[in-house]
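Colleague: model this:
(chains A and B)
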Amino acid sequence: MVLAASSQLRLDTNWVDYVLIALYFVFVLGIGLYAKRAVSSSLDFFLSGRSLPAWVTGLAFISANLGAVEIIGMSANGAQFGIPTVHYFWIGAVPAMLFLGVVMMPFYYGSKVRSVPEFMRMRFGTGAHLVNALSFAVAQLLIAGINLYLLAKIVEVILGWNLYISLVAAAVVVLSYTTLGGLSAAIYNEVLQFFVIVAALLPLTIVGLYKVGGYGALKDKIAATAGGSDQLSSWPGTNLTAIDNPVLSVIGLIFGLGFVLSFGYWTTNFVEVQRAMASSSISAAQRAPIIGAFPKMFIPFIVIFPGMIAGVLVGQVAAAKKSGSSSFDYNNSLIYLIRDLLPNGMLGVAIAGLLASFMAGMAANISAFNTVFSYDLWQTYVKKDRPDGYYLAVGRWATVAATLIAIGTALFASHYSNIMNYLQTLFGFFNAPLFATFILGMFWKRMTATAGWTGLVSGTLAAIVVSILGTGVLGSLSTGLWSLSGQGASFTAAGAAFVVDIVVSVAVTMVTQPRVESELRGLVYSLTPKADFHDENEGVLSWYQQPVKLAGVGLVLVIILNILFW
Amino acid sequence: MAHTASTSGTPDSSGPDTDTGTGRTGRTHRAGAFDMRNFIAALIGIYGIVLTIYGLIGSSDAQAAKSDNVNINLWAGIGMIVVAAVFAIWARLRPVIVPDEVPADDGRPAGH
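Modeller: This is a model prediction of the structure:
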């Protein structure tokens, strides 16, 4: 994602805008200072002392993902592809979030692990743990750097600040609140960020729709463009998947995006799961992703719709859509729309929302990194059995180091953005087989430790091989042997990773020795007494506080949304 | 499991946001300013007030024309004040109860 550096994107800010932006930063740092008072142990720092209410962890759960890629990228997709973009939310996120809450969260929370890799270690031992912990930690540093670069870039483009100054300034802000308040500060800021983003994007969408002449007029104007009718119904989404055959496109969306990619991301990515783990009880932890699924369903309306509106209202975007130009950078659509529609005042709120989103993305990466580094790498392999305060200090220093490395990564990204894109794709491959290994391990007691790490490694390799055979997925590394490209290629790569992981895990399990069953209590479904996962308060919870019923409501709602935009 | 007539006299009466309070004994106090809802109410409320005032004193015609002469600052400002009020009232009516002392065994892992 590269934003145009042209002065066309310079936003016409005045003093009110700066006052509103400054206010936001005062709150961000204030939350860091407040959260610091609650940090007295490493568990407070890394998991908020497991004390947060479900609505807070639920909103943080989706806010941690509501970063640059989501807001800029999904509005760009909205401008380019229209309605089919909703699949990233309704197919590619909500079902997996509900599944995490109902099925997998009890294992994570009930086994009392402090991170996703730690669950890996308890279930499969150190082999799978090292693969998971190392790839996760390195990926987080990389993604934190990319988020930081995008943040600095947007400040440079819309406010005209020097790139390097904004880079360091942004890093200092994130560093100060995450080292002070740990995960609590990150989570509280993510919740605040959610509301600022809604406050920015909801009025933008409403005014945009008003100016176009309502949703009916928006549909008419999009239908009049080339390929416009494809952009108004969600299925089969051939324009989004780049798979011409509608049947294959639907299969690709459901299994590739909806199953392998999304379950891999939402159920095993510690950046997300960590937020739910900070909840105050097992049912609150289960509820966190389920509560998050509700706003997640409606985010498309304030992210994708502005993109579609920009495709009609903003001259440059509309011209690009009309000519079908493939070189146009749709990533600027949202900023163009903000520039054209919002007067001073709301403009400041919109800029605060964008900065909030980019900063929270980076803070989420760093707070997940410092936990995995301190507990899973340092405490497990380097210095065991130190007093708790030692690991708290390690966590603070890891945060400082991660921020410095992120600055370095961001500088690298500013020169070699293509390489960064490919690296990010590459790290995405580590997610795909994780879900296969986790789900097998949670429900199949025989699965062995050797099967754990061999499945992961071979699944990841399968994804890499498929991408090398495809076209353009890894730049010049891709040989183009198959004509698969774009989304279709990543669905196939993820699918291959999943299948190979399952096959290898099953085959290796057959020839290796399973673990003693008594060691697997709380880690494998059939060996865990129901009472272990039972919340003692469950009997007195209202229906909307019971995870399964709440998830059922969510599922019905997302099906209705899918039908409405068929 | 069936939860009949659980609306009165249960520890749950303090609301969905107070899971920490349920099932714990000992003296408790209100979380006060650290309640996240107060932070949200304060920031969104200040945004609302600033936008409303700025919308009322008016900006230039060129600025207003951007949004087809809809006074977006005023309307968004009023909306934000309402949202802020809802959060402030919610926090007032259902305060977070936190225990003064953390119970010795609260089901947390060793090392806490």
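
Colleague: quick one: low-confidence residue ranges for the stretch 1-150 of chain A.
Modeller: Counting by pLDDT under 70, the stretch 1-150 of chain A has low-confidence residues at A:1-7.

Colleague: can you check chain B too?
Modeller: In chain B, residues with pLDDT under 70: B:1-34, B:59-62, B:67, B:96-112.

Colleague: mind running it again at 90?
Modeller: Within chain B, the ranges that satisfy pLDDT under 90 run B:1-39, B:54-73, B:90-112.

Colleague: sketch out the helices for it, chain order is fine.
Modeller: Listed in chain order, the helices of chain B (DSSP state H) span B:36-57, B:61-66, B:72-93.

Colleague: counting neighbours, what do you get for the residue nearest to B:Val82 when sequence neighbours are not counted?
Modeller: Nearest residue to B:Val82, sequence neighbours excluded (Cβ to Cβ, 6 or more residues apart in numbering or on different chains): B:Gly48, at 7.8 Å. All C-beta spots, glycine's among them, are computed from the backbone N, C-alpha and C. Neighbours of B:Gly48 under the rule other Cβ atoms under 10 Å in any protein chain shown: 22.

Colleague: report the contact partners of B:Gly48.
Modeller: Contact analysis of B:Gly48 by Cβ atoms under 8 Å, 6 or more residues apart in numbering or on different chains lists B:76-84.

Colleague: ok, now A:Leu159?
Modeller: For A:Leu159, the contact set (Cβ under 8 Å, 6+ apart) comprises A:10-11, A:13, A:166, A:351.

Colleague: which among those count as buried?
Modeller: Buried by 16 or more other Cβ atoms under 10 Å in any protein chain shown: A:11, A:13, A:166, A:351, out of the contacts of A:Leu159.

Colleague: distance of A:Ala171 from A:Thr399?
Modeller: Remark: distance between A:Ala171 and A:Thr399 (Cβ to Cβ, to the nearest Å) = 11 Å.

Colleague: give the buried residues for stretch A:523-533.
Modeller: Within stretch A:523-533, the residues scored as buried using 16+ other Cβ under 10 Å are A:523-524, A:528, A:533.

Colleague: quick one on the thing from earlier: mind checking which of the contacts of A:Leu159 land in helices?
Modeller: Short answer: the contacts of A:Leu159 in helices (DSSP H) are A:166, A:351.

Colleague: nearest to A:Thr380 among the contacts of A:Leu159?
Modeller: The nearest member of those to A:Thr380, counting by Cβ to Cβ, is A:Ser166 at 37.0 Å.

Colleague: surely that closest one meets A:Ala152?
Modeller: Yes: between A:Ser166 and A:Ala152 there is a contact under Cβ atoms under 8 Å: 4.3 Å.

Colleague: so what sits against both of these two?
Modeller: Common contact partners of A:Ser166 and A:Ala152 (Cβ under 8 Å, 6+ apart): none.

Colleague: can you count the residues close to A:Glu517?
Modeller: 12.

Colleague: ok, it - contacts?
Modeller: A:445, A:527.

Colleague: please report how far A:Ser229 lies from chain B.
Modeller: 28 Å (Cβ to the nearest Cβ, to the nearest Å).

Colleague: number of residues surrounding that residue?
Modeller: A:Ser229: 12 neighbours (other Cβ under 10 Å).

Colleague: just checking, it touches A:Asp220?
Modeller: No: counting by Cβ under 8 Å, A:Ser229 does not reach A:Asp220; the two are 11.4 Å apart.

Colleague: please name the nearest non-neighbouring residue to A:Arg10.
Modeller: A:Gly160 (5.9 Å).

Colleague: name the residues of the helix or strand containing A:Ala432 that come out as buried.
Modeller: A:Ala432 belongs to helix A:417-443 when elements are defined using DSSP states H and E. By neighbour count on 16+ other Cβ under 10 Å, the buried set for helix A:417-443 is A:420-442.

Colleague: same deal with stretch A:210-224?
Modeller: Buried residues in stretch A:210-224 (16+ other Cβ under 10 Å): A:211-212, A:218-219, A:221-222.

Colleague: is that stretch up against chain B anywhere?
Modeller: Yes: residues of stretch A:210-224 are located near chain B by Cβ under 8 Å from any Cβ of the partner chain, namely A:210-211.

Colleague: list the contacts of that stretch.
Modeller: Contacts with stretch A:210-224, where a contact means Cβ under 8 Å, 6+ apart, come from A:82, A:209, A:228-229, A:231-232, A:308-309, A:311-313, A:341, B:67-68, B:70.
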